[in-house]
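J.: pasting the structure only:
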Ligand SMILES: NC(=O)c1ccc[n+]([C@@H]2O[C@H](COP(=O)([O-])OP(=O)(O)OC[C@H]3O[C@@H](n4cnc5c(N)ncnc54)[C@H](OP(=O)(O)O)[C@@H]3O)[C@@H](O)[C@H]2O)c1
């Protein structure tokens, strides 16, 4: 299953709205087929592995990171394909919560195939996290990225912020942008940094540029900001306020190609925004906002993955990357699991996900 997860990770944003899935077929202790889902509309991981295995699939065990689909979507059902190929046993990491595709386990069992579920569920869940978040919570997946000093600051007392991290870490951020469907910031970052949020550091021009989304309730994004230069990349400004959404400044931004969208105020406004983004086909959101937005996302339990880039610098003062979450005792601390640690040049990159 570990190998199947590794294969599934070869899938990229090209699979969306589908999940990333990997499959390994083993007979008599020998791998006879492998595959992963590479592109939406293309063959599923099971179909690829079965094709490689050919007749050797008969009597084999299939290790699949997600329950084989049970319906005719863009491709025929994988549960039937496994049965037709004579696979004896199927080991599954994660059950498919999608109402149309689920039921593969029952179909396999009814055909006499032995089925084992819940193997490496957490790891395989991370592989399919963008898909699972969309299906389970009906909102976009949020990856929160922050570059901090070793003492957790995002800005010095004088407001300077560039650069905390080094060139390799910044390149990694551009790789994430190209993998995400949208990059999200708050008005504070838009005004303080005038960012471009593009992928210019990539060695080759990105085939896809993420939509730039600014949470800007008062619609203050300056006309002459980089984000309002929308020729190559779309910019979406989101407000909750009717008057600001229809102001003359908003109109001038629209004239430049910026889209202004109003999401009505609510208790769960940020979740509503993420729901809207998913409805627009933006499944994976990379948040590069400042401490205000990061805190609001954590408070609303809307962070699905956190990437901290830790620079070998100390300030001892300045702006902390997170504001109080209203948790006053250690027992209340948000439990995380570290899921990655690596060095990027002089910086350390840590990935965590909520437990
Ligand atoms: N090191 C890093 O990785 C990094 C990343 C980003 C920013 N920064 C630094 O952080 C500083 C800016 O911090 P910031 O906290 O002001 O930036 P921010 O979190 O990106 O923006 C905050 C603003 O977003 C708007 N907003 C809209 N909806 C919101 C909601 N539901 N919850 C929270 N905010 C919402 C608010 O303005 P309205 O009320 O007007 O809508 C709010 O003031 C800058 O110095 C920047 O350089 C550092």
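T.: Perfect, thanks for sending it. Given the structure is predicted, the values throughout are model-derived calculations rather than measurements.

J.: only C-alpha atoms for contact and neighbour calcs from this point on.
T.: Noted.

J.: can you tell me how far the closest residue in space to residue 250 that isn't next to it in sequence sits from residue 188?
T.: Nearest in space to residue 250, with sequence neighbours left out and distances taken as C-alpha to C-alpha, 6 or more residues apart in numbering, is residue 219 at 6.5 Å. Residue 219 sits at a distance of 11 Å from residue 188 (criterion: C-alpha to C-alpha, to the nearest Å).

J.: more neighbours, those two?
T.: Between residue 219 and residue 188, counting by other C-alpha atoms under 10 Å, residue 219 is the more crowded of the two (23 against 19).

J.: Show me what secondary structure element comes after the lengthiest helix in the chain.
T.: Using DSSP state H to define each element, the chain has its longest helix at helix 167-179. Beyond helix 167-179 on the C-terminal side, the first helix or strand identified by DSSP states H and E is strand 182-186.

J.: Just give the strands next to that next one in its sheet, each with its orientation.
T.: With DSSP bridges as the criterion, the sheet partners recorded for strand 182-186 are strand 211-215 (parallel), strand 284-287 (parallel).

J.: Could you see whether the ligand lies near the last one?
T.: By that I understand strand 284-287. No - counting by C-alpha under 6 Å from any ligand atom, the ligand is not contacted by strand 284-287; separation bottoms out at 8.6 Å.

J.: Assign the closest residue to residue 226 other than its chain neighbours to helix, strand or coil.
T.: Of all residues beyond its chain neighbours, the one nearest residue 226 is residue 196 (5.4 Å), with distances taken as C-alpha to C-alpha, 6+ apart. Classification of residue 196 using DSSP: H, G, I helix; E, B strand; the rest coil returns coil.

J.: Please apply the same query to residue 48.
T.: In terms of secondary structure, residue 48 is helix; the call rests on three-state DSSP.

J.: domain parsing for this protein?
T.: For the chain, whose domains are defined here by automatic domain parsing, the residue ranges read 2-132, 139-354.

J.: any chance you could map the strands in the stretch 51-200 of the chain?
T.: When secondary structure is read from DSSP state E, counting those that start in this stretch, the stretch 51-200 of the chain shows strands at 61-66, 89-94, 114-116, 141-149, 153-155, 182-186.

J.: Determine which stretch of these is the most buried.
T.: A comparison of these by mean neighbour count, using mean count of other C-alpha atoms under 10 Å, puts strand 61-66 on top with a mean of 30.

J.: Please identify the pairing partners of that strand and their relative orientation?
T.: Per DSSP bridges, strand 61-66 is paired in its sheet with strand 22-27 (antiparallel), strand 89-94 (parallel).

J.: would TSV of those strands with mean pLDDT and distance to residue 301 be doable?
T.: Formatted as TSV, these follow (pLDDT from 0 to 100; distance: least, C-alpha to C-alpha, whole Å):
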stretch	mean pLDDT	distance to residue 301
strand 22-27	98	29
strand 89-94	98	22
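
J.: right, so of those, which gets closest to residue 74?
T.: strand 22-27 (17.8 Å; C-alpha to C-alpha).

J.: Flag every residue of the stretch 51-200 of the chain that's near the ligand.
T.: Counting by C-alpha under 6 Å from any ligand atom, the stretch 51-200 of the chain sits next to the ligand at 146-148, 154-155, 159, 161, 185-189, 192-193.

J.: Identify the farthest-apart pair in those residues.
T.: The distance between the two most remote of those (C-alpha to C-alpha) is 19.6 Å, for 148 and 187.

J.: which residues of the protein fall in helices?
T.: Secondary structure of the chain, counting by DSSP H: helices at 2-8, 45-53, 78-84, 104-110, 121-127, 129-137, 167-179, 187-193, 242-245, 248-255, 269-279, 291-299.

J.: Count the residues that sit near residue 181.
T.: Using other C-alpha under 10 Å, residue 181 has 25 neighbouring residues.

J.: got it, and residue 337?
T.: Taking other C-alpha under 10 Å as the criterion, the count of residues near residue 337 is 11.

J.: Geometric centre of this protein: which residue is closest?
T.: residue 284 (4.1 Å; C-alpha atoms, centre = their mean).
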